[in-house]
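Student: Have a look at this prediction, sequence included:
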Amino acid sequence: MRKYVNEHLTRLEQKVLDDLETEHSTLKSQMDTILHDVEKRAKQIRRLQDDFLNMTKYATELQIYVGLREIEKITSQEGNYLENLMREGSFNENNLHVAFSPALESFLNDVKSLGEISIEIRPCNIKAEAGRKYQAQQVIPIQKIDNIKPSFLNTLKIPKGRKLRVVGCCILPDGNFILLDRESNCLVMFKNDGIFMKNVITFEDSVENMCFVKENIVAVILYKACQVTLVDINKSKVVRRIDVPKACYRVASDGHVLVVAMDTNEGVIVMTLHDESKQLLEGIYVHDISWSNSFIYGTKFMQNKVYCYNSSGTLLWTLTHEDISEPAGIALDKNGFIYVACRKSQKIVKVSPDGKSCKTILNHDNRIETPNAIAINKETGVMLISNGDKVTISVSIFKI
């Protein structure tokens, strides 16, 4: 919370500085324009003075008379010009002032504490299974949908002045983060503390989606090229290209199998990585896709539904809920719970493995705003969420 307050104050301070710079630039531009015009007219007056001196030396009386009338006409115009500037207030003194918000003083006086500490007592959620009389008991935790409450960790520090449009993300085994930026068709790496590291690789073709495969390998979809590329993050280069029959839209992997969703109602391709043998599962069309334990999980954006299929393409269950509105990204944790990023309702909804129940675990109050891509490290429980559609507003890190 302290970090969030600091970041908020930094943004407010920067806005004041930007406004100050804008006003200063406007005033300076106005003054420069007037000075330039006045200097131009001053040069003309100096030329007239020189002309007058020359007339008194060499001109006839008639020539002097005609010349003085012309000089008088020009000096009269310049005098009117100066009077107009004075009437318009161009010579008025301009002072820049900053009036600080009284809410800042109120904050210093009224906020006496950052929070209160309390203890919440909840019923025990473990089950003890006893064997024979002299056999030791084994305590087995029971995962329930209400047990998971994500805690906010950090946000990625997007470099100032850079616009991202995140269409995919993943978390590497070392805890670093990889984003796929459609704005620059580039893979971008951030450290596990949220600090920008580098651009990993830039593609010539338009990118569509990505997923983690294994170790230091990620898969990236090149939409127009009808290709899935495997990229070595450490070497910053493509190590393998896999052609697909038509334009593909989404990709998922468990390190052994690559699952590719086609852009139209062409179905899903399930491919083994060691020999690239392919199986087409017709009748499956999803907005985003995830693959775990030989099950396919997907979202349908326009229908506000979450689906689960087996490895043969048979539909096992469908879930609809009022909180699931425009579901986009989808990811799973180590216990098989499904996490859905819902753009319109601005929520992260957790779904039970059987698809019979769901619960909103994050919403707008938790910095969730038009969530798009989502990724989970099953080992550490770290969850990455990108906020924003056409332009990424922020990328948040949570612990589940």
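Tutor: Yes, it's here.

Student: from here on, contacts and neighbour counts on C-alpha atoms
Tutor: OK.

Student: Check what pLDDT the closest residue to residue 310 other than its chain neighbours gets.
Tutor: Ranked by Cα to Cα, 6 or more residues apart in numbering and with sequence neighbours excluded, the top spatial neighbour of residue 310 is residue 295, at 4.7 Å. Looking at residue 295, its pLDDT is 95.

Student: Test my guess that residue 295 contacts residue 307.
Tutor: No: using Cα atoms under 8 Å as the test, residue 295 is too far from residue 307 to be in contact (10.3 Å).

Student: Any figure for the gap between the residue nearest to residue 310 and residue 16?
Tutor: Applying Cα to Cα, to the nearest Å, the value for residue 295 to residue 16 is 52 Å.

Student: Number of residues surrounding the residue nearest to residue 310?
Tutor: Residue 295: 16 surrounding residues under other Cα atoms under 10 Å.

Student: Tell me which residues touch it, please.
Tutor: 308-311 (Cα atoms under 8 Å, 6 or more residues apart in numbering).

Student: And residue 55, by the same measure?
Tutor: 63-64, 67 are the contacts of residue 55 under Cα under 8 Å, 6+ apart.

Student: Which among those residues count as buried?
Tutor: 64, 67 (16 or more other Cα atoms under 10 Å).

Student: Turn the contacts of residue 55 into a markdown table, columns for pLDDT, secondary structure and distance to residue 74.
Tutor: Converted to a markdown table, those look like this (pLDDT from 0 to 100; DSSP: H, G, I helix; E, B strand; the rest coil; distance: Cα to Cα, whole Å):
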| residue | pLDDT | secondary structure | distance to residue 74 |
| --- | --- | --- | --- |
| 63 | 83 | helix | 17 |
| 64 | 82 | helix | 15 |
| 67 | 83 | helix | 11 |
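
Student: Let me know the closest of the contacts of residue 55 to residue 230.
Tutor: Relative to residue 230, the closest of the contacts of residue 55 is residue 67; by Cα to Cα it sits at 85.0 Å.

Student: residue contacts, that closest one?
Tutor: 52, 55.

Student: now it: how far from residue 55?
Tutor: Counting by Cα to Cα, the gap from residue 67 to residue 55 is 8 Å.

Student: do the same with residue 292
Tutor: Here the criterion is Cα to Cα. By it, residue 292 lies 99 Å from residue 55.

Student: next one: residue 328
Tutor: Remark: distance between residue 328 and residue 55 (Cα to Cα) = 85 Å.

Student: Where do the strands of the stretch 1-150 of the chain begin and end?
Tutor: Counting by DSSP state E, counting those that start in this stretch, the segments of the stretch 1-150 of the chain that form strands are 126-129, 138-141.

Student: Least reliable of those by average pLDDT, please.
Tutor: Mean pLDDT is lowest for strand 138-141 among the strands of the stretch 1-150 of the chain, at a mean of 46.

Student: Any stretches of the stretch 51-200 of the chain with poor pLDDT?
Tutor: Across the stretch 51-200 of the chain, the ranges flagged by pLDDT under 70 are 120-143.

Student: Same check on the stretch 251-400 of the chain?
Tutor: In the stretch 251-400 of the chain, residues with pLDDT under 70: 264.

Student: Was I right to think residue 266 contacts residue 285?
Tutor: Yes: here residue 266 reaches residue 285: they are 7.4 Å apart, a contact under Cα under 8 Å.

Student: Which of those two has more residues huddled nearby?
Tutor: Using other Cα under 10 Å as the criterion, residue 266 and residue 285 rank with residue 285 on top: 21 against 17.

Student: before we move on, which element is the more buried one in?
Tutor: Using DSSP states H and E, residue 285 falls within no helix or strand.

Student: Now do the contacts for it.
Tutor: Residue 285 is in contact with 261-262, 264-268, 300, counting by Cα under 8 Å, 6+ apart.

Student: Among the residues you listed, name the buried ones.
Tutor: Buried, going by 16+ other Cα under 10 Å: 261-262, 266-268, 300, out of these.

Student: Tell me which of these fall in strands.
Tutor: In strands, judged by DSSP state E, the following of these are found: 261-262, 268, 300.

Student: Could you export those as a markdown table, including distance to residue 281?
Tutor: Output for those, formatted as a markdown table (distance: Cα to Cα, whole Å):
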| residue | distance to residue 281 |
| --- | --- |
| 261 | 10 |
| 262 | 10 |
| 268 | 5 |
| 300 | 17 |
